[in-house]
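Colleague: Next come a sequence and a model predicted from it.
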Amino acid sequence: ALGKAIQLINILRDAAPDAALGRVYLPQDMLSSEGVSNEDVLNSQSSDGYRRVVAKVSDRAAELLTEAEFGKSSLPGLGALFVQVIVEL
């Protein structure tokens, strides 16, 4: 869960720089369901649909961080500490 959460956070953080390079990593199914095209993203055309996609991805990342936090006690050694540090960042 932690790795997926970090990946989603990175996608959101890098959305603008990636678009400037001609890349779109936001989930295509979410973009499509909200009527947002890759061209819209590449052209920095913000819309209600785009904001909903960002909110959904952000909400999913938060859910995954919560899952990671609950599962940290099963990790050996310093694993639980590492998860806690990442979740709190």
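Modeller: That came through fine.

Colleague: got any ranges where this structure has weak pLDDT?
Modeller: 70-89 (pLDDT under 70).

Colleague: rerun at 90
Modeller: Along the chain, segments meeting pLDDT under 90 span 1-3, 6, 45-46, 65-89.

Colleague: From the chain's centroid, how far away is the helix or strand where Leu12 lies?
Modeller: Leu12 is located in helix 2-13, with elements delineated by DSSP states H and E. Helix 2-13 sits 4 Å away from the centroid of its parent chain (C-alpha atoms, centre = their mean, to the nearest Å).

Colleague: for Ala19, what are its contacts?
Modeller: Residues in contact with Ala19 (C-beta atoms under 8 Å, 6 or more residues apart in numbering) are 41-42, 44. Where you see a C-beta, it was placed from the backbone N, CA and C, and this is true even at glycine.

Colleague: what do you get for Gly49?
Modeller: 31, 34-36 are the contacts of Gly49 under C-beta under 8 Å, 6+ apart.

Colleague: on that earlier part again, would you mind checking the contacts of Ala19 for buried ones?
Modeller: Those of the contacts of Ala19 that meet the buried threshold are Val41, by 16 or more other C-beta atoms under 10 Å.

Colleague: now, which of the contacts of Ala19 sits nearest Val57?
Modeller: For the contacts of Ala19, the closest approach to Val57 (C-beta to C-beta) belongs to Val41, at 12.4 Å.

Colleague: Now for the residue nearest to Ala62 when sequence neighbours are not counted, how many residues are close by?
Modeller: Counting by C-beta to C-beta, 6 or more residues apart in numbering, Ala5 is the residue found nearest to Ala62 once chain neighbours are left out, at 7.9 Å. Counted with other C-beta atoms under 10 Å, residues neighbouring Ala5 total 21.

Colleague: Output the contacts of Gly49 as TSV; include the columns neighbour count, distance to Tyr25 and secondary structure.
Modeller: Shown next, in TSV, are the contacts of Gly49 (neighbours: other C-beta atoms under 10 Å; distance: C-beta to C-beta, whole Å; DSSP: H, G, I helix; E, B strand; the rest coil):
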residue	neighbour count	distance to Tyr25	secondary structure
Leu31	18	11	helix
Glu34	17	16	coil
Gly35	13	19	coil
Val36	23	14	coil
